[in-house]
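Enquirer: sequence and predicted structure, then a few things I'm wondering about:
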Amino acid sequence: MMEMKLMETQKTSPSKLLNIDSAIFNIRRDLAAVNKSRKGYNYKYADLKDCHEALDPLLEREGVVWITEPACTDDGRAGVSYTAIHLESGTSRQGALLLPMVDGDPQKAGSAITYSRRYALAIFGILTEGDDDGKAATKKRQSTKQKKADLPKFITMEESQNFLNKCRKLADDNYSNKEKADEEYLRIGRALVSHLGIERLGAMESDMIPKAIKFIESSP
């Protein structure tokens, strides 16, 4: 069994309710079972493609950017440093997952880095390898595709930004004074999410777009 070394830090703001911690909580809650399509070491496991097919739609929905970078240390360990950034609040979780390299072999270092990239996804509750509990279950699980289809379809980050731009333009058209325009911009944004019955703009579902456009166009 290879020894793994995991280091993690976080940058959060306790005054902000919508931050990286709440985003990770939402992702863990809604993450579908990851398809384990690869075979090796007498068990099935999920590769990076399997993991990201299940994870990427939720990262986009929550406005989280996931970054991994190769890392090597002078004492002969290799793996990745990783960062999860919540764009709306600017909060993040970051750390490193490092494994011992065997004989300093670059090929084996590459394997350690790939292995670490998969295991770092445990921050989102992804289990990449087979488990006995899963084999013992008698109830057939829904396929990953079906579970993804059951999730609400949220607007993209680009569509969210377009609505922010519309609110900004409306505020600037109403007030030439920058301070008043900024206050009006915040008021319109809050009124919009309240009108839609959601907590934040990123939680807008695609079928709410016509209602949101009508609200903005009818705003004084």
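Expert: Received it, and whenever you're ready, just let me know what you need. Numbers count the residues shown, from 1 in each chain.
Enquirer: only C-alpha atoms for contact and neighbour calcs from this point on.
Expert: Will do.
Enquirer: I'd like to know how far Glu217 sits from Ala181.
Expert: Using C-alpha to C-alpha, to the nearest Å, we find Glu217 at a distance of 17 Å from Ala181.
Enquirer: more neighbours: these two, which one.
Expert: A side-by-side neighbour count of Glu217 and Ala181, using other C-alpha atoms under 10 Å, places Ala181 first with 19 against 11.
Enquirer: which of the helices or strands spans the closest residue to Tyr175 other than its chain neighbours?
Expert: Nearest non-adjacent residue to Tyr175, counting by C-alpha to C-alpha, 6 or more residues apart in numbering: Ala181, 5.1 Å away. Assigned by DSSP states H and E, Ala181 belongs to helix 178-196.
Enquirer: buried stuff in that helix?
Expert: Neighbour-count burial for helix 178-196 flags 181, 184-185, 188-189, 192-193, 196 (criterion: 16 or more other C-alpha atoms under 10 Å).
Enquirer: what about dumping the CA coordinates of that helix to PDB?
Expert: Taking C-alpha atoms only, helix 178-196 is exported to PDB below (Å, rounded to 0.1, in the frame of the first residue of the first chain):
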ATOM      1  CA  LYS A 178     -22.400  56.300 -10.000                       C
ATOM      2  CA  GLU A 179     -23.200  55.700  -6.300                       C
ATOM      3  CA  LYS A 180     -27.000  55.800  -6.900                       C
ATOM      4  CA  ALA A 181     -26.600  53.700 -10.000                       C
ATOM      5  CA  ASP A 182     -24.700  51.000  -7.900                       C
ATOM      6  CA  GLU A 183     -27.400  51.000  -5.300                       C
ATOM      7  CA  GLU A 184     -30.100  50.600  -8.100                       C
ATOM      8  CA  TYR A 185     -28.100  47.800  -9.700                       C
ATOM      9  CA  LEU A 186     -28.100  45.900  -6.400                       C
ATOM     10  CA  ARG A 187     -31.800  46.600  -5.900                       C
ATOM     11  CA  ILE A 188     -32.700  45.300  -9.300                       C
ATOM     12  CA  GLY A 189     -30.600  42.200  -8.800                       C
ATOM     13  CA  ARG A 190     -32.200  41.400  -5.500                       C
ATOM     14  CA  ALA A 191     -35.700  42.100  -6.800                       C
ATOM     15  CA  LEU A 192     -35.100  39.800  -9.800                       C
ATOM     16  CA  VAL A 193     -34.000  36.800  -7.700                       C
ATOM     17  CA  SER A 194     -36.900  37.500  -5.300                       C
ATOM     18  CA  HIS A 195     -39.300  37.600  -8.200                       C
ATOM     19  CA  LEU A 196     -38.100  34.200  -9.400                       C
END
